[in-house]
Every structure is written in C-alpha cells, then in structure tokens.
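Enquirer: what follows is a predicted structure for the sequence shown.
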Amino acid sequence: MSSGILGHHAAMDVLSNIATKRLQKELVQWQVNLGFTHKVTDTLQRWVIEVQGAEGTIYANDKYQLQVVLPEHYLMEAPQVIFLHPAPLHPHIYSNGHICLDILYDSWSPAMTISSVCISILSMLSSSTVKEPPEGNDRYVNKCRNGRSPKETRWLFHDDKA
C-alpha cells in the first residue's frame, strides 16, 4: 500500500469528512486482510482490489480485480462494486462485471466496510459449485451497454445457494 494516497484527498472534497476519515482508516488496516490487495489509484473514491479465489474452491488460484467506486454520500449509500474484465464465470456475476449481491444494493448498511464487502464477494465465489454465467446474461449485458450502472438495475434476490 502506498502512503501517498492517504494524503491525497484534495480531489476528495465530494466525500464527507466522516467518509474520508473512515476510508483512510480502512486503507491503513487493509494490509491485515489476507487475500485482497489494494492497488493505488488517483483518488480515494475509486479503489481497485485484487481478489484471489480461495483454496479448495473451483476459483482456487484465479485472480480477479474488483473496482469500487464510492458515491458522494458513501456510508449512507453503498459503493458501486463491479468486477473488471474478465469477470469470473459465476451464476451471480454478469460478464460485464455487475454483481447480483444484496449488500451492494437493498441490504447495504453504513456499518459495512470495503473489506466486509470483499469478504462477502469472496464467500459468494467460494460457495459456487459451477462456473457458468447467470441466466439471461447476454440480454442483461446488452441492456447495460452505454455505461449503465448496476445500481440502476432492479435486482431480485432469491438464491441463497451461490
């Protein structure tokens, strides 16, 4: 982790002081979380996180990148989290990187951290027994062309198996 990002919050004046302090604290603690590597970006509002599939799962040794974009009202509003290309083949992850996971939308809580979101995503990956795209992947991805945010989707959370 580069300490340079901690002092780089001039471009972050759209985040509240509380959100900025919390994110800076999370970055300091990030090294404790095994399995995730934070890549320094030009802003505190955009994180790129490397996730490695857990041992003993069908994603073991696979590496993926998550992009986390924090909205202006972060803490009260969930971050936008997507997989960068190539996204893992998973029944709840679309080929454009959008993730169907309730904590990223309806079940978000300000008590959650970026680390807890990453752990939930890794858990979701680990519990899958098949590497296949979600039903309707092509139709959904087509609808999302032109940069549509996954937050604009009305998700149906009905599968607690994967």
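Expert: Great, that's in hand.
Enquirer: make it CA atoms for all contacts and neighbour counts henceforth
Expert: Will do.
Enquirer: in the lowest-mean-pLDDT helix or strand in the chain, what's buried?
Expert: Across the helices and strands of the chain, mean pLDDT, DSSP states H and E gives its lowest value to strand 36-39, namely a mean of 80. Under the neighbour-count criterion of 16 or more other Cα atoms under 10 Å, strand 36-39 has 36-38 buried.
Enquirer: distance between it and the chain's centre?
Expert: 12 Å (Cα atoms, centre = their mean, to the nearest Å).
Enquirer: re the thing from before, I'd like the buried residues of strand 36-39 laid out as a markdown table, including distance to residue 105.
Expert: Formatted as a markdown table, the buried residues of strand 36-39 follow (distance: Cα to Cα, whole Å):
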| residue | distance to residue 105 |
| --- | --- |
| 36 | 22 |
| 37 | 24 |
| 38 | 22 |
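Enquirer: in the protein, which spans are strands?
Expert: Counting by DSSP state E, one finds strands in the chain at the ranges 36-39, 46-52, 63-69, 80-83.
Enquirer: so can I have a markdown table of those strands showing distance to residue 100?
Expert: Output for the strands of the chain, formatted as a markdown table (distance: least, Cα to Cα, whole Å):
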| stretch | distance to residue 100 |
| --- | --- |
| strand 36-39 | 20 |
| strand 46-52 | 17 |
| strand 63-69 | 14 |
| strand 80-83 | 10 |
